[in-house]
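Asker: Mind folding the following:
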Amino acid sequence: MAKEESKDQAQDLPCGVTQAEIKQWKGKYKEVHLLTVEAEEGSEKEFYQGYFRRPDLKVIEAATGAGQGNIVTFGRILFKSCFLAGDEELQSDEEAQLQAYKELSKIFRTRVASLKKL
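Answerer: Residues are numbered from 1 along each chain as shown. Model prediction:
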């Protein structure tokens, strides 16, 4: 079993990221997401990929404050603050970024809460 584990850690994931890096990120940020966006037509790559962490309250506050009513500003802050590693094209292709912004909004989970007057 130890052999399998070391083999898995040595195996590269998309964008040259290793299992060890994923484990380290999960330890620090709790959640790591792999985002995939279709590449520009004529590109050497079929798609661009990037790893993103779950945003903390500081990132959410910055994004909502600066992006009041502007989904692009909100997405840009979320993208830049939560990007861990990935294809350079994902950061330079504006159309890919817009799709990434849209997809990153799904990173937030909805939880049920209730308030009871006592």
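Asker: Can I get the helix or strand encompassing Lys23 as PDB, trimmed to CA atoms?
Answerer: Remark: Lys23 resides in helix 19-29, with elements defined by DSSP states H and E. The C-alpha trace of helix 19-29 is given here as PDB (Å, rounded to 0.1, in the frame of the first residue of the first chain):
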ATOM      1  CA  GLN A  19      -0.900  15.100  -5.200                       C
ATOM      2  CA  ALA A  20       1.400  16.400  -2.500                       C
ATOM      3  CA  GLU A  21       0.600  20.000  -3.500                       C
ATOM      4  CA  ILE A  22      -3.200  19.200  -3.500                       C
ATOM      5  CA  LYS A  23      -2.800  17.700   0.000                       C
ATOM      6  CA  GLN A  24      -0.900  20.800   1.200                       C
ATOM      7  CA  TRP A  25      -3.500  23.200  -0.300                       C
ATOM      8  CA  LYS A  26      -6.400  21.200   1.200                       C
ATOM      9  CA  GLY A  27      -4.600  21.400   4.600                       C
ATOM     10  CA  LYS A  28      -4.300  25.200   4.300                       C
ATOM     11  CA  TYR A  29      -7.600  26.100   2.500                       C
END
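Asker: May I see the buried residues of that helix?
Answerer: By 16 or more other CB atoms under 10 Å, the buried positions in helix 19-29 come out as 19, 21-22, 25, 29. The way it works is simple: take the backbone N, C-alpha and C, and place the C-beta from them, glycine included.
Asker: export those to TSV and tack on pLDDT and distance to Tyr51?
Answerer: As requested, the buried residues of helix 19-29 are arranged in TSV below (pLDDT from 0 to 100; distance: CB to CB, whole Å):
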residue	pLDDT	distance to Tyr51
Gln19	92	12
Glu21	94	8
Ile22	94	8
Trp25	96	7
Tyr29	93	10
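Asker: Doesn't Thr110 lie inside a strand?
Answerer: No - Thr110 is assigned coil when assessed by DSSP: H, G, I helix; E, B strand; the rest coil, not a strand.
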